[in-house]
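> fold the following and give me the result.
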Amino acid sequence: MRIAINAIFLQNNPMEGYGHYTAEVLRRMVTSHPEDEFLLLYDRAWETPFITA
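As a prediction, the model looks like this:
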């Protein structure tokens, strides 16, 4: 399955409440469902600390 996620809250400088929540939910979803493809939608240049695979 392909799952698109709004990743606008994943900002490295500084990451606040929604960002921490989004990062943790994504981490758990990806770990729990490695057979699925996750597409992170972002409206600016991607910050490399969030690229993990």
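> can you tell me the element the residue lying closest to residue 29 once chain neighbours are set aside falls in?
In this structure, residue 29 finds its nearest non-sequential neighbour in residue 38, 6.9 Å apart by Cβ to Cβ, 6 or more residues apart in numbering. Every residue, glycine included, has its C-beta placed from N, CA and C. According to DSSP states H and E, residue 38 maps onto strand 37-41.
> what about the helices in the protein?
For the chain, the helices defined by DSSP state H cover 17-32.
> what residue ranges in it are flagged as low confidence?
Scanning the chain for pLDDT under 70 picks out the ranges 46-53.
> what's the local residue count around the residue lying closest to residue 3 once chain neighbours are set aside?
Leaving out its chain neighbours, the residue that sits closest to residue 3 by Cβ to Cβ, 6+ apart is residue 38, at 5.3 Å. Using other Cβ atoms under 10 Å, residue 38 has 15 neighbouring residues.
> ok, now which ones touch residue 38?
Applying Cβ atoms under 8 Å, 6 or more residues apart in numbering to residue 38 gives the contacts 3, 5, 26, 29-30.
> distance of residue 36 relative to residue 26?
Note on residue 36: its distance to residue 26, by Cβ to Cβ, to the nearest Å, is 12 Å.
> cool, and residue 13?
For residue 13 relative to residue 26 (Cβ to Cβ), the value is 19 Å.
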